[in-house]
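could you look at this predicted model? Sequence included:
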Amino acid sequence: MPKPIRDITDQRFGRLTVLGVSHKEQRPGGSRVFWRCICDCGQDAVVVSDKLRSGHTSSCGCLGKDRCIETHTKHGHARLGNHSSLYIRWANMRQRCENPNHPRYPDWGGRGIRVCERWQSFENFLADMGDCPPGHTLDRIDVNGNYEPGNCRYASHSEQRLNQRRQKK
């Protein structure tokens, strides 16, 4: 005689709310009941009873993604391969000054221009400079000076053209 199904409709398990029975699956040791659920993020999920009750499944998968993002993201500018334009500018600044294999290294690092120790961390760079206004890029006030808080600003392209060093041809 099969065991009666314990109805868990409308109960919450983590981020999942049970909507009703999805289907039953016959197995040699008995049957398994699968429940149709809605996640707090809006996605549907079908989950077997024992996984809900044990707490093994508590979302459609979004909880694991959220935990991964939370664990691996410090500042929100480099999430899962999607880098903000500010993060890319910061990384390029460091490459030009610190990587002898970078094509533009001779114009920056090769001339002795360095990135200050504090700005080796993106979080510190972001705290000092803030977000870049639209239509602006990072500019050094003294074109022969280092990348450091007192020597950097966000400038428009026309402001940067007026602040270039004169190159000898």
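Sure thing, it's come through. Numbers count the residues shown, from 1 in each chain.

helices of the chain, residue ranges please.
Along the chain, the stretches classed as helices by DSSP state H are 49-54, 62-72, 85-98, 122-129, 157-162.

what helices and strands are in contact with the last one?
Other helices and strands packing on helix 157-162, by 3 or more CB pairs under 8 Å, 6 or more residues apart in numbering; DSSP states H and E, are strand 136-140. In short, each C-beta sits where N, CA and C put it, glycine included.

helices or strands up against the strand it packs on?
Of the remaining helices and strands, those touching strand 136-140 by 3+ CB pairs under 8 Å, 6+ apart are helix 85-98, strand 152-156, helix 157-162.

mind putting these in a markdown table, distance to residue 120, mean neighbour count and mean pLDDT included?
Shown next, in a markdown table, are those (distance: least, CB to CB, whole Å; neighbours: other CB atoms under 10 Å; pLDDT from 0 to 100):
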| stretch | distance to residue 120 | mean neighbour count | mean pLDDT |
| --- | --- | --- | --- |
| helix 85-98 | 8 | 17 | 93 |
| strand 152-156 | 15 | 17 | 94 |
| helix 157-162 | 24 | 11 | 85 |
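
reformat the ones you listed as CSV; add distance to residue 143.
Compiled in CSV, those are given as follows (distance: least, CB to CB, whole Å):
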stretch, distance to residue 143
helix 85-98, 13
strand 152-156, 11
helix 157-162, 10
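
which one, of these, ends up nearest to residue 22?
Smallest distance to residue 22 across the helices and strands packed on strand 136-140 (CB to CB): 42.5 Å, for helix 85-98.

need the CA coordinates for the closest one. PDB is fine.
The C-alpha atoms that make up helix 85-98 are tabulated as PDB, following Å, rounded to 0.1, in the frame of the first residue of the first chain:
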ATOM      1  CA  SER A  85      34.900  50.800 -17.900                       C
ATOM      2  CA  LEU A  86      36.500  52.200 -14.700                       C
ATOM      3  CA  TYR A  87      37.900  48.900 -13.800                       C
ATOM      4  CA  ILE A  88      39.300  48.400 -17.300                       C
ATOM      5  CA  ARG A  89      40.900  51.900 -17.200                       C
ATOM      6  CA  TRP A  90      42.500  51.100 -13.800                       C
ATOM      7  CA  ALA A  91      43.900  47.800 -15.200                       C
ATOM      8  CA  ASN A  92      45.200  49.400 -18.400                       C
ATOM      9  CA  MET A  93      46.900  52.200 -16.300                       C
ATOM     10  CA  ARG A  94      48.700  49.500 -14.300                       C
ATOM     11  CA  GLN A  95      49.600  47.600 -17.500                       C
ATOM     12  CA  ARG A  96      51.100  50.700 -19.200                       C
ATOM     13  CA  CYS A  97      53.200  51.500 -16.200                       C
ATOM     14  CA  GLU A  98      54.200  48.000 -15.000                       C
END
